[in-house]
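>>> have a look at this prediction, sequence included:
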Amino acid sequence: MRNLDRFSKEELKKLVQVYAKNWLAHDGCWFLAIEETEGLEKAIEYDKKSWERFTRIEARRIMKEFGIAPNLGLDGLEKALQYRLYATLNEDKIERVSKNKLIYKMVSCRVQSARERKGLPLFPCKPVGMVEYSGFATTIDSRIKTTCIAAPPDSAKRSFHCGWEFIIKESEEE
């Protein structure tokens, strides 16, 4: 890694935060540019296409760099979720309910929190999230099935912005 040796541990932590914030800002700028010219529905359509590609790239790179072998099931997914680009920006919670079920909740989402601060409605991220989380999970292990517990535009009051359930069947009998 070019010139990273010159940074202290604290500087590297800051650098990761800056990189993640810059990436998220670019993602938001890209989305808003489409929303302003084409409308929200079209922006969501393009966002889903973009996430369909990006989430698989992200998962494969995480697997390669952090030694997560393919088809490690929910153990592999649990580890990989902790390395996602926005894992340093958002507060999340991973709960292993059973051997075959994992619950992932985005307790605090930087994008949604910013919209709340500005008095804007929550971004209806559920359709994009379904593409993103299911694509990430099946790249880790094709046996993993993803279900949305709740995400905007779902209106129910909850203690998290979005929640996802991941289930894996080890055999056909399950």
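Okay, I see it.
>>> for P121, what are its contacts?
R115 (CB atoms under 8 Å, 6 or more residues apart in numbering). To be clear about C-beta, it is placed using only N, CA and C from the backbone, and glycine gets the same treatment.
>>> one more pass at 10 Å, please.
By CB atoms under 10 Å, 6 or more residues apart in numbering, the residues touching P121 are Q112, R115, P152, P153.
>>> any idea how far it is from E58?
In this view, P121 and E58 are 28 Å apart by CB to CB, to the nearest Å.
>>> ok, V97 next?
From V97 to E58 the distance is 25 Å (CB to CB).
>>> who has more neighbours, the two?
E58 (19 against 12; other CB atoms under 10 Å).
>>> that one contacts F136, doesn't it?
Yes. Judged on CB atoms under 10 Å, E58 makes contact with F136 at a distance of 6.9 Å.
>>> buried residues in stretch 9-23, which are they?
Buried residues in stretch 9-23, defined by neighbour count with 16 or more other CB atoms under 10 Å: A20.
>>> who's in contact with the lowest-mean-pLDDT helix or strand in the chain?
In the chain, no helix or strand scores lower on mean pLDDT, DSSP states H and E than helix 110-117, which sits at a mean of 88. Here helix 110-117 makes contact (CB under 10 Å, 6+ apart) with 20-21, 24-25, 27-28, 31, 86, 89-91, 106, 109, 120-123, 125, 151-152, 161-162.
>>> now for the helix or strand following it, which elements pack on it?
Later in the chain than helix 110-117, the nearest helix or strand by DSSP states H and E is helix 126-140. Packed against helix 126-140, as judged by 3 or more CB pairs under 10 Å, 6 or more residues apart in numbering; DSSP states H and E, are the following elements: helix 40-65, helix 73-81, strand 101-108, strand 144-150, strand 162-168.
>>> which residues touch stretch 34-51?
27, 30-33, 58, 123-133, 135-136.
>>> now the buried members of these.
Neighbour counting by 16+ other CB under 10 Å classes 27, 31, 58, 123, 125, 127-133, 135-136 among the contacts of stretch 34-51 as buried.
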